[in-house]
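Engineer: 3D model of this:
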Amino acid sequence: MKNTTFKKIYKTLPKDLVERIDYPKVNTTPSFWVEINDIVYDEANNQIYNMEKVPIIAQSITDIGINHPPVVWKDTNILIGGHTRHESCKQNGYKYIPIENSKLEFVVDDLDRLEVLTSDNIVRDKTFADRFRAVDVLVGAYFKKYPNITKEDDEFKRRFRGWLSREKMKPSNYTEMIEMREHPVWKTKYYDEVLNPKSKLFSKPEVAYLQATFVYPTMKTKIDLMDNLFNRDDINSLTFAVHNALKSLKELTIPISDNLSIEPFSVADRNFFSSAVHTTICQWLKTKFNSFDSFEDDWRVTDNQDFHDVISEKDGTGLEVKTRVVKTNTAPSWEPRRFKPGYHFLWAQDDEMDSVYCCMALLSEEDQKPITCTHKIINDRLWELKKDNKVIELVGKMKKDKGELKFLYQPMTFAK
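Structural biologist: Numbers count the residues shown, from 1 in each chain. Predicted structure coming up:
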């Protein structure tokens, strides 16, 4: 970059200018003032900075002013630091901006200059995207300067470790980002999402990489389970089984001495009872399938993550069971840690099992979405599948009211 200087600097501003209209309030004494459009950005810096925080900083400058003016290379108009402050002042409509004149002479060499620029901004509140870009431009500048050097070179390894340490970045995170960027599908779906400040999908690169490399198990669905599998008596049997299992757990009393006893599960949390419901349903399904003449008798419950929860090798079919214990009439959120395409038995109930919703569906990868460290079955997709008769509701109903999807739980009554 050609070294340039300001057209004009002001030790004091003209008296006809108005603070907070023509220029920002400054809470320190700057080296001088300049016209805001007379500032030049270093091309190398353009690869490092993002401006998503400009609106927030602009409002802060409006409210309290600038504590630390932007900094330029010694006797130049080229910024070392303060890009977002400069952009924020432009957004506020200021014509003039305070400047700190650095004691550092402009560094012509791209790699050496980037070392200064990234070091200067180490105190900034950086996102992962900021830190990754800083390391990445340094790596790019290094190999541009030394085209015959490889990543196995000891000097590069030493400097690379230093960049990572300074930016507080794990080596694996950098490697994962590069692998995702070089992949024709992963770049847009995962790499760009990590760097996108407005994305709500991936806050950490390791989460994006986990989803990118995730392999959905190939589940067996040889036999059609969707056609009149369970009748009303079966569903009544299931709801009573779950109710009685929960009741037994909550009321279980264990003596600990002649005159003392405890009820260990009476105050257990929802996760515990959801697990109990899950186990009960799995055992009920296993027993029920083995009693049907139309199915083989090798149905079993498994905790193998490569299979559905209830499977039959001979029938070549299985069911994934997902349970939720939620507040009354709350829309369920089924979030399997490892989503498995195939048949799903989805169950939701309130704490006391006064009401229940249950359905069966044949779900594919498109019917769920990845979220942090897990997956989420999309309720709106269940609604679409229901309209296509690909969801069988066993207890309760889904309904759309003014465009809002609601789950109508069926009230349960049990003999005391």
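
Engineer: right, and Thr323 touches Val277 too?
Structural biologist: Yes. In this structure Thr323 lies within contact range of Val277 using Cβ atoms under 8 Å: 4.6 Å. All C-beta atoms are positioned from the backbone trio N, CA, C, and that covers glycine.

Engineer: got any residues that touch both of those two?
Structural biologist: Residues touching both Thr323 and Val277 by Cβ atoms under 8 Å, 6 or more residues apart in numbering: 347, 349.

Engineer: what about the helices in the stretch 151-300 of the chain?
Structural biologist: Per DSSP state H, counting those that start in this stretch, the stretch 151-300 of the chain carries helices over the ranges 154-166, 171-181, 186, 192-195, 205-212, 232-251, 270-291.

Engineer: mind putting the ones you listed into a markdown table with mean neighbour count, mean pLDDT and distance to Ile57?
Structural biologist: What follows is the helices of the stretch 151-300 of the chain, written out as a markdown table (neighbours: other Cβ atoms under 10 Å; pLDDT from 0 to 100; distance: least, Cβ to Cβ, whole Å):
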| stretch | mean neighbour count | mean pLDDT | distance to Ile57 |
| --- | --- | --- | --- |
| helix 154-166 | 13 | 95 | 23 |
| helix 171-181 | 17 | 96 | 26 |
| helix 186 | 20 | 94 | 32 |
| helix 192-195 | 20 | 92 | 20 |
| helix 205-212 | 20 | 89 | 25 |
| helix 232-251 | 15 | 93 | 53 |
| helix 270-291 | 18 | 95 | 41 |
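
Engineer: out of these, flag the one nearest Asp367.
Structural biologist: Of all these, helix 205-212 sits nearest to Asp367, with 15.9 Å by Cβ to Cβ.

Engineer: list the contacts of the closest one.
Structural biologist: For helix 205-212, contacts defined as Cβ under 8 Å, 6+ apart pick out 128, 132, 172-173, 176-177, 179-180, 183, 186, 189-191, 193-194, 201-202, 370, 372-373.

Engineer: 10 Å instead?
Structural biologist: The contact list for helix 205-212, computed with Cβ atoms under 10 Å, 6 or more residues apart in numbering, reads 128-129, 132, 169-170, 172-177, 179-180, 183, 185-187, 189-195, 199, 201-202, 204, 369-375.

Engineer: over to stretch 100-107?
Structural biologist: Residues contacting stretch 100-107 (Cβ under 10 Å, 6+ apart): 1-4, 6, 9, 28-32, 42, 68-76, 78-82, 113-117, 120.

Engineer: what's the closest of the helices of the stretch 151-300 of the chain to Gln47?
Structural biologist: Closest among the helices of the stretch 151-300 of the chain, using Cβ to Cβ: helix 192-195, at 12.1 Å.

Engineer: with distance to Glu393 as added columns, please give the helices of the stretch 151-300 of the chain in a markdown table.
Structural biologist: Output for the helices of the stretch 151-300 of the chain, formatted as a markdown table (distance: least, Cβ to Cβ, whole Å):
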| stretch | distance to Glu393 |
| --- | --- |
| helix 154-166 | 53 |
| helix 171-181 | 40 |
| helix 186 | 37 |
| helix 192-195 | 34 |
| helix 205-212 | 30 |
| helix 232-251 | 10 |
| helix 270-291 | 16 |
